[in-house]
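Asks: Sequence and predicted model, in that order:
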Amino acid sequence: MGLDMFLTKKYYIGAQYDWNNVTGNVEIFMNGHKLNVKLADIESIDCEKVYWRKANMIHKWFVDHVQEGTDDCKTHYVSLEHLRELLKTCILVRDDNELAKTLLPTQDGFFFGDIQYNEEYFKNVEYTIKELGKLNLMGEDFGYEYYYQSSW
(Lines give C-alpha, C1' and ligand atoms only; values in the text may rest on other atoms or scores of the structure.)
Protein backbone atom coordinates (compact mmCIF):
# COMPACT_ATOMS: atom_id res chain seq x y z
CA MET A 1 0.00 0.00 0.00
CA GLY A 2 1.20 3.47 -0.76
CA LEU A 3 1.71 6.04 -3.45
CA ASP A 4 2.69 4.45 -6.78
CA MET A 5 3.34 6.72 -9.74
CA PHE A 6 3.77 5.95 -13.42
CA LEU A 7 4.91 7.90 -16.46
CA THR A 8 3.85 6.03 -19.58
CA LYS A 9 4.84 6.65 -23.17
CA LYS A 10 2.08 5.80 -25.62
CA TYR A 11 3.23 5.09 -29.18
CA TYR A 12 0.46 5.51 -31.72
CA ILE A 13 0.62 2.83 -34.39
CA GLY A 14 -2.76 3.50 -35.94
CA ALA A 15 -2.47 0.22 -37.80
CA GLN A 16 -6.23 -0.19 -38.01
CA TYR A 17 -6.30 2.56 -40.64
CA ASP A 18 -5.74 1.31 -44.19
CA TRP A 19 -3.57 4.31 -45.08
CA ASN A 20 -0.81 2.99 -42.82
CA ASN A 21 -0.57 -0.13 -45.00
CA VAL A 22 0.38 -2.33 -42.02
CA THR A 23 0.25 -6.10 -42.43
CA GLY A 24 1.41 -9.22 -40.61
CA ASN A 25 1.21 -10.56 -37.08
CA VAL A 26 3.02 -9.77 -33.87
CA GLU A 27 4.27 -12.66 -31.77
CA ILE A 28 3.84 -12.05 -28.09
CA PHE A 29 4.70 -14.58 -25.41
CA MET A 30 3.02 -14.42 -22.01
CA ASN A 31 3.80 -17.01 -19.35
CA GLY A 32 5.23 -19.31 -22.01
CA HIS A 33 2.15 -19.10 -24.23
CA LYS A 34 2.27 -17.58 -27.68
CA LEU A 35 -0.38 -15.00 -28.47
CA ASN A 36 -0.89 -14.16 -32.12
CA VAL A 37 -2.02 -10.60 -32.58
CA LYS A 38 -2.74 -9.04 -35.95
CA LEU A 39 -0.60 -5.96 -36.38
CA ALA A 40 -3.54 -4.30 -38.11
CA ASP A 41 -5.49 -4.52 -34.82
CA ILE A 42 -2.98 -2.55 -32.77
CA GLU A 43 -3.85 1.10 -32.26
CA SER A 44 -1.14 1.95 -29.74
CA ILE A 45 1.55 0.48 -27.52
CA ASP A 46 1.97 1.73 -23.94
CA CYS A 47 5.41 1.52 -22.34
CA GLU A 48 6.15 2.38 -18.72
CA LYS A 49 9.08 4.80 -18.79
CA VAL A 50 9.35 5.94 -15.15
CA TYR A 51 8.02 4.38 -11.96
CA TRP A 52 8.17 6.18 -8.63
CA ARG A 53 7.21 4.87 -5.20
CA LYS A 54 6.14 7.36 -2.51
CA ALA A 55 7.92 10.28 -4.21
CA ASN A 56 5.21 12.63 -2.96
CA MET A 57 7.02 15.80 -4.06
CA ILE A 58 7.00 14.58 -7.67
CA HIS A 59 3.36 13.56 -7.35
CA LYS A 60 2.46 17.00 -5.99
CA TRP A 61 4.27 18.59 -8.93
CA PHE A 62 2.17 16.57 -11.40
CA VAL A 63 -1.04 17.36 -9.52
CA ASP A 64 -0.25 21.09 -9.47
CA HIS A 65 1.15 21.44 -13.00
CA VAL A 66 -0.59 18.76 -15.06
CA GLN A 67 -3.79 17.82 -13.23
CA GLU A 68 -4.98 21.36 -12.50
CA GLY A 69 -4.84 20.70 -8.75
CA THR A 70 -7.12 17.66 -8.81
CA ASP A 71 -5.59 14.53 -7.25
CA ASP A 72 -7.86 11.88 -8.75
CA CYS A 73 -5.74 8.80 -9.69
CA LYS A 74 -6.81 9.22 -13.32
CA THR A 75 -4.53 9.14 -16.33
CA HIS A 76 -3.40 12.62 -17.44
CA TYR A 77 -1.67 13.76 -20.61
CA VAL A 78 1.79 15.25 -19.98
CA SER A 79 3.37 17.49 -22.61
CA LEU A 80 7.08 17.47 -23.40
CA GLU A 81 7.14 21.03 -22.07
CA HIS A 82 5.82 19.78 -18.71
CA LEU A 83 8.51 17.10 -18.56
CA ARG A 84 11.23 19.62 -19.45
CA GLU A 85 9.89 21.92 -16.69
CA LEU A 86 9.93 19.09 -14.14
CA LEU A 87 13.47 18.15 -15.12
CA LYS A 88 14.62 21.77 -14.83
CA THR A 89 12.92 22.11 -11.42
CA CYS A 90 14.60 18.95 -10.12
CA ILE A 91 18.01 20.12 -11.33
CA LEU A 92 17.54 23.49 -9.59
CA VAL A 93 16.54 21.73 -6.34
CA ARG A 94 19.45 19.30 -6.57
CA ASP A 95 21.92 22.13 -7.14
CA ASP A 96 20.46 24.33 -4.39
CA ASN A 97 18.73 22.33 -1.66
CA GLU A 98 17.33 25.52 -0.14
CA LEU A 99 14.92 25.76 -3.11
CA ALA A 100 13.24 22.44 -2.27
CA LYS A 101 10.42 23.80 -0.10
CA THR A 102 9.60 26.50 -2.65
CA LEU A 103 10.02 24.75 -6.00
CA LEU A 104 9.28 21.12 -5.15
CA PRO A 105 7.39 20.91 -1.85
CA THR A 106 6.41 17.62 -0.26
CA GLN A 107 2.80 16.51 0.14
CA ASP A 108 1.37 14.65 3.08
CA GLY A 109 -1.07 11.87 2.35
CA PHE A 110 -2.23 8.41 3.27
CA PHE A 111 0.90 6.24 2.81
CA PHE A 112 2.52 8.98 0.66
CA GLY A 113 5.89 8.53 2.32
CA ASP A 114 8.16 10.86 4.29
CA ILE A 115 7.54 14.60 4.00
CA GLN A 116 10.94 15.64 5.35
CA TYR A 117 13.56 17.25 3.14
CA ASN A 118 16.10 14.55 3.88
CA GLU A 119 18.32 12.07 2.07
CA GLU A 120 15.30 10.11 0.74
CA TYR A 121 13.79 13.31 -0.68
CA PHE A 122 16.97 14.15 -2.59
CA LYS A 123 17.36 10.55 -3.79
CA ASN A 124 13.91 10.89 -5.39
CA VAL A 125 14.95 14.17 -6.99
CA GLU A 126 18.14 12.60 -8.35
CA TYR A 127 16.22 9.53 -9.57
CA THR A 128 13.77 11.80 -11.42
CA ILE A 129 16.62 13.68 -13.08
CA LYS A 130 18.23 10.41 -14.15
CA GLU A 131 15.02 8.85 -15.51
CA LEU A 132 13.77 11.97 -17.30
CA GLY A 133 17.26 12.37 -18.76
CA LYS A 134 16.79 9.03 -20.54
CA LEU A 135 13.80 10.40 -22.45
CA ASN A 136 14.12 12.39 -25.65
CA LEU A 137 12.56 15.56 -24.24
CA MET A 138 14.00 17.79 -26.96
CA GLY A 139 12.70 15.66 -29.83
CA GLU A 140 9.51 15.84 -31.78
CA ASP A 141 6.36 14.62 -30.12
CA PHE A 142 5.03 13.07 -33.33
CA GLY A 143 3.73 9.54 -32.95
CA TYR A 144 3.78 9.33 -29.16
CA GLU A 145 2.50 11.02 -26.02
CA TYR A 146 3.28 10.82 -22.31
CA TYR A 147 0.76 10.15 -19.56
CA TYR A 148 1.00 10.30 -15.76
CA GLN A 149 -1.07 8.23 -13.37
CA SER A 150 -0.86 7.62 -9.66
CA SER A 151 -2.55 5.19 -7.32
CA TRP A 152 -2.60 4.60 -3.59
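Replies: That came through, no problem. All values reported here derive from a predicted model rather than from experimental measurement.

Asks: where are the low-confidence patches of this structure?
Replies: 14-23, 140-141 (pLDDT under 70).

Asks: what ranges do the helices span in it?
Replies: 56-65, 80-95, 100-103, 119-133 (DSSP state H).

Asks: Quick one, which of those helices gets closest to residue 149.
Replies: Proximity to residue 149, assessed across the helices of the chain by Cβ to Cβ, is greatest for helix 56-65 (9.3 Å). Just so you know, the C-beta spots here come from the backbone N, C-alpha and C atoms, and that holds for glycine as well.

Asks: What is that closest one packed up against?
Replies: Counting contacts by 3 or more Cβ pairs under 8 Å, 6 or more residues apart in numbering; DSSP states H and E, helix 56-65 packs against strand 4-12, helix 80-95, helix 119-133, strand 144-151.

Asks: In contact with the nearest residue to residue 74 once chain neighbours are set aside, which residues?
Replies: Distance criterion Cβ to Cβ, 6 or more residues apart in numbering; nearest residue to residue 74, sequence neighbours excluded, is residue 149 at 6.9 Å. Counting by Cβ atoms under 8 Å, 6 or more residues apart in numbering, residue 149 touches 5-6, 8, 73-76.
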